[in-house]
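Visitor: Give me a model of this one.
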Amino acid sequence: MREVLIDQAKRLVAERHPDASAVVLAGSVAAGRARAGSDLDLAVLLPDGRETHRETLRHEGRVVEVFAHTGAGLAELRAFDAASRRGVVQQLYATGLVLLDRDGRVARIVADCRAELLTGPPPLGPEQRENLRYALTDLLDDLGDAPDRLEALAIGAEVLRTAADLLSDHHRAWTGTGKWFPRRLLAADPDLGRRLLEAHRALGETGDPTALAAAATAALALAGGPLSVGYRRGWPPAARGAAPGGKR
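Guide: So this is what the prediction gives:
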């Protein structure tokens, strides 16, 4: 199966990007987890002057995600993904399978992306961290006062995300969305991360927020503890986080 998908990826690039200088096949195929219906994730390095873009297409009946970059565009995306603390592009190149490298550049890119992932994202600034502490403190108050399960579930989702952001920052670990959210959270802190995830599931199953509140409070403690009275921010905010006087 893997060799079949690799050959298909090479045909797609030859058809659509014959001038590509490098191609990296990522995702489930590179990880050896591909199934019959798996899509293809391709990073394609284009010559300068071309457009950096992302495109979803169907090739030979299979969905393909193409992440096409010029050298300058890739550098911008790496900086953006580092600042967002998600490291998406870095993960794409660092864990992928190199299918083409005409000039040796992608080998250096792969090495640099692996180093960036190992180093972790830059730490949050003091104001960003305070914003998250304030937001989580406020959310935990709301969670304890939620009048019904629907509100508790909505608040609980925000509690989980905000606690995960603080916990990931504490460990200088990358964050994620979708399926990558639990994967990255468990990688950041296998014990407390699992407590948060299982407590969020328990909230959905039973409506009881006790376990989630306890796990999120533990994450908050690692970041400096609750923050409420004394919090003040001007507008516009200087850093990402809660707007003054409101929720994140």
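Visitor: Quick one: the strands in the protein, in order.
Guide: Counting by DSSP state E, the chain has strands at residues 22-26, 40-45, 53-59, 62-69, 97-101.
Visitor: buried sites along the second one?
Guide: Counting neighbours by 16 or more other C-beta atoms under 10 Å, one finds that the buried residues in strand 40-45 are 40-45. Every C-beta, even on glycine, is put in place using the N, C-alpha and C of the backbone.
Visitor: How about the fourth one?
Guide: By neighbour count, with 16+ other C-beta under 10 Å as the criterion, the buried positions of strand 62-69 are 62, 64-69.
Visitor: Now render these as a markdown table, adding distance to Thr52 and pLDDT.
Guide: What follows is these, written out as a markdown table (distance: C-beta to C-beta, whole Å; pLDDT from 0 to 100):
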| residue | distance to Thr52 | pLDDT |
| --- | --- | --- |
| Arg62 | 23 | 93 |
| Val64 | 17 | 95 |
| Glu65 | 14 | 95 |
| Val66 | 11 | 96 |
| Phe67 | 9 | 96 |
| Ala68 | 6 | 96 |
| His69 | 5 | 95 |
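Visitor: Just flag the most distant two among those.
Guide: Arg62 and His69 (21.8 Å; C-beta to C-beta).
Visitor: residues touching the residue nearest the centre of the chain, list them.
Guide: Centroid check for the chain by C-alpha atoms, centre = their mean gives Gly176 as the closest residue, at 2.3 Å. Neighbour list for Gly176: 86, 183-185 [criterion: C-beta atoms under 8 Å, 6 or more residues apart in numbering].
Visitor: and what of Leu77?
Guide: 52, 69, 89.
Visitor: what do you get if the cut-off is 7 Å, keeping everything else the same?
Guide: With contacts defined as C-beta atoms under 7 Å, 6 or more residues apart in numbering, Leu77 is in contact with 69, 89.
Visitor: Give me the contacts around stretch 33-48.
Guide: With C-beta under 7 Å, 6+ apart as the contact definition, stretch 33-48 has outside contacts at 1-2, 5, 8-9, 13, 17, 19-29, 62-72, 92-93, 96, 105-106.
Visitor: Can you point out the buried residues in the worst-scoring helix or strand of the chain on mean pLDDT?
Guide: Confidence across the helices and strands of the chain bottoms out at helix 27-31, with a mean of 83, counting by mean pLDDT, DSSP states H and E. In terms of neighbour count (16+ other C-beta under 10 Å), helix 27-31 has its buried residues at 27, 29-30.
Visitor: could you redo those residues as TSV and give each row distance to Pro236?
Guide: Below are the buried residues of helix 27-31 laid out as TSV (distance: C-beta to C-beta, whole Å):
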residue	distance to Pro236
Gly27	38
Val29	44
Ala30	41
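Visitor: ok, so of those residues, who is nearest Asp208?
Guide: For those, the nearest to Asp208 is Gly27 (37.3 Å; C-beta to C-beta).
Visitor: any idea how far the closest one lies from Leu153?
Guide: 31 Å (C-beta to C-beta, to the nearest Å).
Visitor: Tell me, how many residues neighbour Gly178?
Guide: When neighbours are counted by other C-beta atoms under 10 Å, Gly178 registers 7.
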